[in-house]
Structure formats: structure tokens, C-alpha cells
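Asker: turn this into a model:
(chains A and B)
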Amino acid sequence: MERPFVDIITGAIGVLSLFIIIFLLSSWHNAKIVLKINASTMNGKYPVFVICSQSKNSSGGLVTLVCVDDYLTEPSLKKDLKNMCETLKIEGLGQVTPEESWEIFERFLVSHFLKDKFYIFSLIKPRGVEVFKEKLDPLLRRLNLEMGFIPIPEHWEFSIALKTTDDR
Amino acid sequence: MTDRSFLDIMTNIFAVFILIILFFILIFREQHTMMVEGIIVPMERNLAQDYYYLELVEHFVIPLGLGGECNEKYYKLIKTDFGHICVAYPSLLKKTPEKFNFYNKSSIYYKTLKGLDPSTTYLVFLVRPSAFDYYHEVTKVAKENHFKVGWYPLKEEEPLAFSVYGRKIGPQD
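Answerer: Sure thing, here's the model as predicted:
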């Protein structure tokens, strides 16, 4: 009775070890890449970041607001960003269909939430090219809102720091 | 204690030991993080300079030409009512990939940078989704060569269409 028990335990441990090794090896190449973004004020305006990506639930494009406010120094600006995020959350951005989400975001931009304090900076994921080109870019141009945009690969993360000098 | 049971116990202890080591590696390992430096968020702006277009597909850079003229070595020009379309020759990248490979220092990209004047010309990259991973590296080289850089995304199979009603792309640095 002793031998089979030890064999089973040893075998089970061996299999478990194998699973762990496989997991470690598979995650070895998934190194985290972080794009360091140096946010700068331009013409006295601060950037608010949006991500153009693909909806998780469907193939439609989605524009979402980045609600991380670490890079903003003034409490009033943090409060403004928080209000914007809460408004979009209450409206259901990202919780409804991509088309409805876009309508929510469009209303948000049109309703002068940005006032004179912010400009839009788009982080475009490969799957967000369509929504940027066909919806966000034309709208921002139509509203004559200042903007910037950069590509960001699908699995990259990003960190934002603020440069306080106005470069232009 | 027989030899066999001693062997069993040793094997067992060894396996448990390995398991514990693997467990700790898994829990306490630090995820490898690579930081990509030097991205300053800029607003797009108009600049009264010549602009030179380059297409970016994966890690290949293909020069399109000044103001969007199709470089006839690499593109076929098709005229339209309001402008033109540049169509890359089939198997352009398959025949001579090294010529367009960004990682090849003697590629056409580096020759193009040498042949342009950054004080009079800025670069506009038309970037396919497959090239998003390489964009920051490619433009870093251009910036190191004192070029101002703009870009615009393209869908993977989207034609390169230039029109008088098209969007002008300004530099963002």
C-alpha cells in the first residue's frame, strides 16, 4: 500500500511542477512595455487622454476617457476630470453598444465639457484606427478642438507625467 | 528501510523542494518592464514647410515622396478626379525586403533622411496597424536627425489616396 501512494503523490507533484514550468515559460515573453508619455501644457491647456480601441463585446470601435489624474497638479483640474469621468460613466459609456457609446462621447465633446482648460490627446490602438479616422478625428476637426494623437500598440501600457513648461 | 523506499522518499523530497522553489519564483518574480522614453504629447499644428510622406508597414519604411507624390520606383500612380492614389507594386517588400527594413542601417529610410533637409521639410508617416509596434523606434531616428514628425493612421488594406479635399497632416513635435 505504501509504494503506490508515494508514486501517486510524486506523480501529482511532478505534473503540478510541469504546469508551473509551462506557465512560467509562456509568460516569460509577455514582458510589460510601458510608453512614457510626457504631457505638456499647450497654449495654457492641459491634455485629457482618450483611448481609441475596439469594444470588448463587439467588433465596433470605442473611444474612452482616461480617468487617471496623477499627472494633473491642480485640484480643480483633477475635479474637472473626475466630473467628466463620472458623467460619462453615468451616461453608460462602454456599457452599451459601440454606436451608443460613440453618441455619448460625441454629446460629451459637443457640450463643451473641455471648456478652455483641456485639449484632447488620442492614444490610438491598432484596432481603434477605424473609430479614430471615421468618427473622432472628423468630429474634433468639425468642432475646431485642438488635438494630438499617437499610436500605441495593443498590449502596451502607458504612464503619464506632466511637463509644466509651455513649449510653444 | 529498504533501498527502494529510501529512493521513494528522496524522490518525493526532491519534487517538493522543486515545487516550493517554483512557487516562490512565480509569486515573487518581478515582471519585466521596458520603458519607452521620449514621447512628448504635442498638439498637431500647421507648419509652412514641405512635407515628405513615408509609408510604414510592419518594420518596413517606404518613401512616398514630397507632398504625397508617388515615388515611381515603388508605387504606381492612378489619377482620380480630385487627386491620385499610390499603389505599391505587388511583392515590393517580398523581392527586396532588406531595402526597406528599418533595422537595416543602409536601407532606403536612412538614405531618404540623409537626402532631405530638416530645416525645410518635415516628415509625415502613414502608419498601418501592423507598424504600430515600430512607429516610436522609427520616428525616434527621424527626430535624432532633427526632423519634425507627423503621422496619420491607415487601415491595413486602405489605399493611399491623396486629394485636394484631403486632410493636411501637421507635425506633432
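
Asker: which strand or helix spans residue B:122?
Answerer: Residue B:122 is located in strand B:121-127, with elements delineated by DSSP states H and E.

Asker: sorry, wrong one. I was asking about residue A:87.
Answerer: helix A:75-91.

Asker: also residue B:171?
Answerer: With DSSP H and E as the criterion, the answer for residue B:171 is that it lies in no helix or strand.

Asker: didn't residue A:130 look like it was pressed against residue A:61?
Answerer: Yes: with contact defined as CB atoms under 8 Å, residue A:130 counts as touching residue A:61 (5.2 Å). (Each C-beta comes from the backbone N, C-alpha and C, glycine too.)

Asker: those two - which one has more neighbours?
Answerer: Between residue A:130 and residue A:61, counted using other CB atoms under 10 Å in any protein chain shown, the more crowded position is residue A:61 (24 against 17).

Asker: how close does the more buried one sit to chain B?
Answerer: For residue A:61, the distance to chain B equals 11 Å [CB to the nearest CB, to the nearest Å].

Asker: sorry, back to before: buried ones in the helix or strand that the strand holding residue B:122 is followed by?
Answerer: Downstream of strand B:121-127, the next assigned helix or strand under DSSP H and E is helix B:132-144. The neighbour-count criterion (16 or more other CB atoms under 10 Å in any protein chain shown) identifies B:132-136, B:138-139, B:142 as the buried residues of helix B:132-144.

Asker: and helix B:132-144, what other elements does it pack with?
Answerer: Packing partners of helix B:132-144 (3 or more CB pairs under 8 Å, 6 or more residues apart in numbering or on different chains; DSSP states H and E): strand A:147-151, strand B:33-40, strand B:50-57, helix B:108-115, strand B:121-127, strand B:149-153.

Asker: turn the ones you listed into TSV, including distance to residue A:114, mean neighbour count and mean pLDDT.
Answerer: Shown next, in TSV, are these (distance: least, CB to CB, whole Å; neighbours: other CB atoms under 10 Å in any protein chain shown; pLDDT from 0 to 100):
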stretch	distance to residue A:114	mean neighbour count	mean pLDDT
strand A:147-151	10	23	88
strand B:33-40	21	13	52
strand B:50-57	28	21	93
helix B:108-115	37	16	96
strand B:121-127	26	22	93
strand B:149-153	23	23	92
